[in-house]
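*Asks:* below are the sequence and a predicted model; questions follow.
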Amino acid sequence: MKLNLGFNKKQKKHESYKLALSEFNKTLSLIIDPTQLKSNIISKIQEIIHVNRIFLFLYNEDFHRYALTDVIGVNKKQYAKYYFTSKDKLIYWLSVNEKHIFLKQNEGVRSFFSAHEQNMLSEMDVSFIYPLKVMNRLTGLVFLGQKTNGKEYQNEETELLKILLDQSAIAFENASLYQNQKDRLKKMYRAVRLAMMGQLAAGAAHEIRNPLTSIRSTIQYVQKDIKDPVKAKMTTELLSEVDRINDIIQGLLSFSNPDK
């Protein structure tokens, strides 16, 4: 009877935490700052399961790789050089199987990976790997080390991690899409400003160039009648300055060129 009461109490606690975690997950989609998002997710992982280290890899579209973005329990600089690409067997396995891996219990799976991948996982001392997936696309990886108490991962802990990390994948995707949209709007705004600058530059350049042409023609006309070498040199220098102004105007006109 006491055993059943203990089990029921544990089950109720698990269900209560599961409900609280579901409520927490709803707030993740509202966080658009990547740094804050990573911090919240990692702190929640630590609440669910006490592990000695956490590694978070997210896909970097610029470099086409899964780059290390955050760590807990180790020095990030020590592992900053580590990354994975779509050609790596670990990425292939996770993409095809779409499930987590307990490395110690799956030596056969571990042996499928390349020697380089196995060395990295050994150096990071990884026990548990969870794929972050959105719309059948692998967007990141979460590596967890051993539990601080030395015990094995429990089914309840794995279930809670799945609830958290599946929603985390969506949250990271939303934050990335928001950031991309923000960057696009910045580029559009900059393009509009450049277009306006080009129009202003073109208008100002034409207004300056017309009287400048008259000034040059007048100097050249007067220069023919100047016999004094000093004054002749002065008019030559004036023409040089007029040409310099004309070059500046030509540079301003380049803003109005859509190709440039």
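*Replies:* Yes, it's here. Residues are numbered from 1 along each chain as shown.
*Asks:* now residue 246. Nearest residue, chain neighbours left out?
*Replies:* residue 212 (6.3 Å; C-beta to C-beta, 6 or more residues apart in numbering). Placement of C-beta: from N, CA and C, glycine included.
*Asks:* what helix or strand does the one you found sit in?
*Replies:* helix 155-223 (DSSP states H and E).
*Asks:* just the helices in this protein please.
*Replies:* In the chain, the helices defined using DSSP state H lie at 2-28, 34-48, 76-79, 89-97, 107-112, 115-124, 155-223, 229-253.
*Asks:* got CSV for these, with distance to residue 140 and mean neighbour count too?
*Replies:* Converted to CSV, those look like this (distance: least, C-beta to C-beta, whole Å; neighbours: other C-beta atoms under 10 Å):
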stretch, distance to residue 140, mean neighbour count
helix 2-28, 14, 11
helix 34-48, 10, 16
helix 76-79, 16, 12
helix 89-97, 10, 16
helix 107-112, 19, 12
helix 115-124, 15, 14
helix 155-223, 6, 14
helix 229-253, 46, 13
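*Asks:* and residue 62, which of these is closest to it?
*Replies:* helix 155-223 (11.5 Å; C-beta to C-beta).
*Asks:* quick one on the thing from earlier: show me what contacts the residue nearest to residue 246?
*Replies:* Residues near residue 212 by C-beta atoms under 8 Å, 6 or more residues apart in numbering: 242, 245-246, 249.
*Asks:* quick check, nearest of those to residue 25?
*Replies:* residue 249 (60.2 Å).
*Asks:* isn't that closest one right next to residue 209, touching?
*Replies:* Yes. Using C-beta atoms under 8 Å, residue 249 is in contact with residue 209, at 5.5 Å.
*Asks:* for the chain, what are the low-confidence residue spans?
*Replies:* Scanning the chain for pLDDT under 70 picks out the ranges 1-14, 16-17, 20, 254-260.
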